[in-house]
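one predicted model, sequence on top.
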There are 2 protein chains.
Amino acid sequence: MQTEEIGSEMQLSTGIFSCLCGWFKALIGKYKDKVLELAKYTKKIGKDDPRRVIHSLKVGLALTFVSLFYYTRPLYDGFGISAMWAVLTVVVVFEFSVGATLSKSLNRGFATFLAGALGVGAQHVASFSGEKGEPFLLGTFVFLLAAASAFSRFFPRIKARYDYGVLIFILTFSLVSVSGYHVEKILKLANQRLSTILIGGATCIVISIFICPVWAGEDLHNLVAHNLEKLGSFLEGFGDEYFRISESGEIQVVSKEDKSFLQAYKSVLNSKTTEESLANFASWEPRHGRFGFRHPWKHYLTIATLIRQSAYRVEALNNYINTNQSQAQSEFRRKIQDPCTKMSSESGKALKALASAIKEMNQPSLASPFLANSKTAMNDLRTALQGALSDATDLLEIIPDATVA
Amino acid sequence: MQTEEIGSEMQLSTGIFSCLCGWFKALIGKYKDKVLELAKYTKKIGKDDPRRVIHSLKVGLALTFVSLFYYTRPLYDGFGISAMWAVLTVVVVFEFSVGATLSKSLNRGFATFLAGALGVGAQHVASFSGEKGEPFLLGTFVFLLAAASAFSRFFPRIKARYDYGVLIFILTFSLVSVSGYHVEKILKLANQRLSTILIGGATCIVISIFICPVWAGEDLHNLVAHNLEKLGSFLEGFGDEYFRISESGEIQVVSKEDKSFLQAYKSVLNSKTTEESLANFASWEPRHGRFGFRHPWKHYLTIATLIRQSAYRVEALNNYINTNQSQAQSEFRRKIQDPCTKMSSESGKALKALASAIKEMNQPSLASPFLANSKTAMNDLRTALQGALSDATDLLEIIPDATVA
């Protein structure tokens, strides 16, 4: 009996052991997979835009610099605990593009200055109202200004450009006005705080401008040109794709990569937010490269809106590729195939020429022959359409796209 | 001579005076206009969404409460300068919706705790390496963690949900690790800081949940239903609008307000960013009203995407109203007018029924008869189209919209 029990116990423990072993191995395997996956994903994100890696190193550099400044005793003793505002400023202010960094630094600097001055004033006024009246008066000031600032953030213009400034304004105002210090002490504190914020902000600005700068303006410029190019690629390929499908009666199996140009335009549909924030940041940037100080950034938004509207139409065209599979009418289609394909591809080329003109900042003269070709093809198409009007209505849509661009 | 001079001088000064007067009046007039304009605009923003006014008052309340807490000497002496972190937390954390406030508070709380602990550890490790090695080691820690955190913010998922947490993490880590204090003092400081952040965060959360709460989830719910409704209104009116134009040969002058239903869908085109952030905030919110704790917020995004795709097609349809003015074909058009108008208006009604089903969280059974009607109309249209295929291709587009919804 006893030996049996021992035997079964041993069996049990071996079972548990092997079970645990297996579970452990599975766990390691699972996590190994996850870690590998994460590593791959990280690499991909870095590869998609190598400036991201550089940006991370820049942030590390700025923060280390300011931290060691904070750490160094002699300097620290001069600034007191205010030195930490330099660290805080760097963390909060350092953004990916120069424009965003500048926008935040300037907002922070001006708002701190303004709110500090107002706060000192508010405290001074409140101090006249006796020991009992002071907290009430101060509370009222803070309440009114906080409510007004919070409300002002709903104004679209303020939201877009000065949101961060308003935040810092109300923060500094309440900290200063309620601090309960005497004016002399506040002035000393304000001096320390402003200079540490200045140090933090200046560190960010210098590093972001002089070490591999990322200009929001250049990004916007390239984004707009690239979006136009995507539409061009689609139109260039559209004719072939559409008529190939309808002729053979079914979709030919083409590898996905070959068709990526037909899907690329989809990112244009939702690019509005990105474009607007880039244009906003760009307006904070100083003169750089080919872009002057008052470069007309708003015009990019106008072009971007037109491009987006064209993209909506391209989306409608793309729908035809996906849904209109093999509907008889082959005789009619054969008639219009040539002018249609030509019109589409020529207007696609025109868009691409315009895109490269934007990119190189040239006169878009290269696009004219394509536009002319496209117009000839359009007239041919009209002739072909005389009498029997058909599927072509959606193709006529291409014309506005080309003209719009 | 002298009298003449005096006379001309007087003339001159009278001239200058009247000139100045006029300029002054103009200045006042100009500013009065501007101030009036601003007041009107402010009123409009408040009227558009009265919750904005309430939100501003809530921010004022929270900030006044925390400020007076900071101001009160006995409490202040207990917490020291750390009390200012409560003010800081309120300003930075209080957002419009409950979800956003919760997301920021929790991010801030957890990040501070985690980074504080890590910072203490880092400093402890660095203290073993002697007086000369310490700053190097600390600098390396800060550099590595800052770079890693900055890079992690490029991960879309982290960016969406934990962006603020990462910011606070690296901020707290550098402040703590570089502070140069001994562990005991840090622990006391950390204790103070965590409790003040807790006080600030709790104030925000309590006020935002219990005083006229703004739920991001409810906003998302209503936004999606409202967007669907807008598409419905467009389709309902589209048939009439389109055929009225083509019949009379020119656009009839209708007041803009009557036509607003034809333009309302345009806001749907660019709603993606808003929807995504609302869905993110909604997932932070506790159970409220008709929405359970794990309400499937992601499904709203799926529906929203489908609605947006339909809006792209509606945009293409709308284009026909604006460009296709009076192109002969009136005989053909008269033939298809009835089924077309019917199909469009019935599918519009179906969309509206679906929208109200979403709003009321019912089974969308009310939409079925409209859908059936719309399908009948579609078949009628097909019959009418037999033989001569024409402009109707773009109207056939409506079908996917109805089916999609």
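Structure received.

state the number of residues packed around residue A:202.
Neighbours of residue A:202 under the rule other CB atoms under 10 Å in any protein chain shown: 14. Glycine gets a C-beta too; all of them are placed from N, C-alpha and C.

next: residue A:43.
10.

which SSE is it in?
Following DSSP states H and E, one finds residue A:43 within helix A:2-48.

can you pull the buried residues of the helix or strand that that helix is followed by?
Following helix A:2-48 in sequence order, the next helix or strand is helix A:51-71 (DSSP H and E). The neighbour-count check on helix A:51-71 (16 or more other CB atoms under 10 Å in any protein chain shown) flags A:51-53, A:55-71 as buried.

shaky segments in the stretch 51-200 of chain A?
Screening the stretch 51-200 of chain A residue by residue with the criterion pLDDT under 70, one finds the ranges A:73-81, A:180-183.

do a quick rundown of the helices in it.
Applying DSSP state H, counting those that start in this stretch to the stretch 51-200 of chain A gives helices spanning A:51-71, A:73-79, A:84-93, A:98-127, A:130-152, A:156-178, A:183-210.

single out the most deeply packed of those.
Of the helices of the stretch 51-200 of chain A, the one with the most neighbours on average (mean count of other CB atoms under 10 Å in any protein chain shown) is helix A:84-93, at a mean of 24.

who does it touch, helix- and strand-wise?
Applying 3 or more CB pairs under 8 Å, 6 or more residues apart in numbering or on different chains; DSSP states H and E, we find helix A:84-93 packed against helix A:51-71, helix A:98-127, helix A:183-210, helix B:156-178.

can you list contacts of it?
Helix A:84-93 has contacts (CB atoms under 8 Å, 6 or more residues apart in numbering or on different chains) with A:59, A:62-63, A:66-67, A:69-70, A:101, A:104-105, A:108, A:193, A:196-197, A:199-201, A:203-204, B:167, B:170-171, B:174-175, B:178.

redo that, cut-off 6 Å
With contacts defined as CB atoms under 6 Å, 6 or more residues apart in numbering or on different chains, helix A:84-93 is touched by A:62-63, A:66-67, A:70, A:104-105, A:193, A:196-197, A:199-201, A:204, B:170-171, B:174-175.

what does stretch A:23-43 give?
For stretch A:23-43, there are no surrounding residues in contact (CB under 6 Å, 6+ apart).

tell me the SS of the closest residue to residue A:269 other than its chain neighbours?
Among residues not flanking residue A:269 along the chain, residue A:311 sits closest, at 5.4 Å (CB to CB, 6 or more residues apart in numbering or on different chains). Of the three states, residue A:311 takes helix under DSSP: H, G, I helix; E, B strand; the rest coil.

pretty sure residue A:116 sits against residue A:191.
No. Under the criterion of CB atoms under 6 Å, residue A:116 makes no contact with residue A:191, lying 9.7 Å away.

residue boundaries of the helices in the stretch 301-405 of chain A?
A:330-360, A:367-385, A:392-396, A:398-404.

does chain B have contacts with the first one?
No. Using CB under 6 Å from any CB of the partner chain, helix A:330-360 stays clear of chain B, with a minimum separation of 8.4 Å.

what is the rounded mean pLDDT of that helix?
Average pLDDT, helix A:330-360: 76.

which helices and strands sit right next to it?
Applying 3 or more CB pairs under 6 Å, 6 or more residues apart in numbering or on different chains; DSSP states H and E, we find helix A:330-360 packed against helix A:216-248, helix A:367-385, helix A:398-404.

and it with helix A:367-385, angle?
170 degrees (axes from the mean of the first three to the mean of the last three CA atoms, to 10 degrees).

just give me how far helix A:330-360 sits from the chain centre.
Centroid separation for helix A:330-360 versus its chain: 31 Å, with CA atoms, centre = their mean, to the nearest Å.
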